[in-house]
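Novice: Structural data only, the sequence is not supplied:
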């Protein structure tokens, strides 16, 4: 087969970004930055076919995996067959699809008995009403608003929210070193993979043209966040959000301000999954999701 995969690099992101907007997809995998963030952890490679579709494959812990073809819904069956043929004939393995959305699976028009799929445990993304996160209005968000107001009162005249550019990389790295040292091993290899991905993004901020913002307190960076925008679904995606937990109200403040300034037109906010970590689940539930972006593993029999 004449399908050539190559390693995903920063220079490829601008080329591939439009393909991720060819169909609706409410998971965080609907934007290219998520693949770039985890490119080293999952050894991500891609192939561009016919200027109509992107195939992505991963390799982790001795297993070959793939994503659903990134293309229009009506073109998915054709490119899925090509992907599956490549896995079967070139790699000599079954084609297992990771983190697929259910509409995408149904678009494949699979023959009965040829595949099976199941929901990924702890893999669903938390999706919120964007306007609620911008305003924190209503009883459900009363505690969040109180925390934000406490931050504003305590640090009046001492804080600054701003968009971060290349010259802020050293500030982010210093903060990240402090944050990682205090975090411990609660997320194991996943946390290490995330930190590597963050460094890759920071090293390529201008090329990636991504949204990175932060909050300085007394001149020191104390929080930062990285996000993307899914134009099809008018959904912002928060890939990374880190803050000093010792500063009351800082987490809800940067969460609110990021949506206000970076994504004022978003209708939805995807804050990704909870990894099955109880504290992370509690934090994400506290913002009252309106939807869960469920993900599935699709297995070739």
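Specialist: Looks like it came in fine. Here the structure is a predicted model, which is why all the values come from computation and not from measurement.
Novice: moving C-terminal of the lowest-mean-pLDDT helix or strand in the chain, what's the next helix or strand?
Specialist: Ranked by mean pLDDT, DSSP states H and E, the weakest helix or strand in the chain is helix 188-202, scoring a mean of 83. Tracing the chain past helix 188-202, the next element assigned as helix or strand by DSSP states H and E is helix 205-208.
Novice: contacts for that next one?
Specialist: 10-11, 13-14, 33, 36, 164-166, 169, 201, 212 (CB atoms under 8 Å, 6 or more residues apart in numbering). Yep, even glycine has a C-beta here, placed from its N, CA and C like the rest.
Novice: Sitting in helices, which of those residues do you find?
Specialist: 10-11, 13-14, 33, 36, 169, 201 (DSSP state H).
Novice: from these, which is closest to residue 23?
Specialist: Closest approach between the ones in helices among the contacts of helix 205-208 and residue 23, by CB to CB: residue 33, at 17.4 Å.
Novice: May I see the PyMOL selection of the buried members of the contacts of helix 205-208?
Specialist: This is the PyMOL syntax for the buried subset of these, where burial follows 16 or more other CB atoms under 10 Å:
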select buried, resi 10+13+33+36+164+169+201+212
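Novice: pLDDT check: weakest of the contacts of helix 205-208?
Specialist: Checking pLDDT across the contacts of helix 205-208, the minimum falls on residue 166 at 78.
Novice: What sits closest to that residue if chain neighbours are left out?
Specialist: Among residues not flanking residue 166 along the chain, residue 205 sits closest, at 5.3 Å (CB to CB, 6 or more residues apart in numbering).
Novice: And the one you found, what's its pLDDT?
Specialist: pLDDT for residue 205: 91.
Novice: what's near enough to touch residue 158?
Specialist: 217-218.
Novice: Now do the helix or strand containing residue 214 against helix 188-202: the angle between them, please.
Specialist: If you go by DSSP H and E, residue 214 is part of strand 211-217. With axes from the mean of the first three to the mean of the last three CA atoms, to 10 degrees applied, the angle from strand 211-217 to helix 188-202 works out at 100 degrees.
Novice: switch to numbering from 878
Specialist: With the count now opening at 878, the last piece we talked about shows up as strand 1088-1094.
Novice: rewinding a little: so which pair among the ones in helices among the contacts of helix 1082-1085 is furthest apart in space?
Specialist: Using CB to CB, the two most remote members of the ones in helices among the contacts of helix 1082-1085 are 891 and 1046, lying 20.1 Å apart.
Novice: quick one: buried residues of the helix or strand just after the strand holding residue 1091?
Specialist: Scanning forward in sequence from strand 1088-1094 by DSSP H and E, the next helix or strand is strand 1097-1107. Residues of strand 1097-1107 classed as buried by neighbour count (16+ other CB under 10 Å): 1098-1107.
Novice: Please apply the same query to stretch 1084-1094.
Specialist: Within stretch 1084-1094, the residues that count as buried by 16+ other CB under 10 Å are 1085, 1087-1094.
Novice: likewise stretch 899-907?
Specialist: Under the neighbour-count criterion of 16+ other CB under 10 Å, stretch 899-907 has 899-900, 902-907 buried.
Novice: Closest to residue 1128 out of those residues?
Specialist: Looking across the buried residues of stretch 899-907 and measuring by CB to CB, the closest to residue 1128 is residue 905, at 18.9 Å.
Novice: Okay, now the unreliable bits of the stretch 878-1027 of the chain?
Specialist: 878 (pLDDT under 70).
Novice: Kindly report the same for the stretch 1078-1178 of the chain.
Specialist: Within the stretch 1078-1178 of the chain, no range satisfies pLDDT under 70.
Novice: one more time with 90, if that's ok
Specialist: Residues of the stretch 1078-1178 of the chain meeting the criterion pLDDT under 90: 1083, 1086.
Novice: any idea how far residue 941 is from the spatially closest residue to residue 948 that is not a sequence neighbour?
Specialist: The shortest distance from residue 948 to any non-neighbouring residue, by CB to CB, 6+ apart, is to residue 930 (3.6 Å). Distance from residue 930 to residue 941, counting by CB to CB, to the nearest Å: 19 Å.
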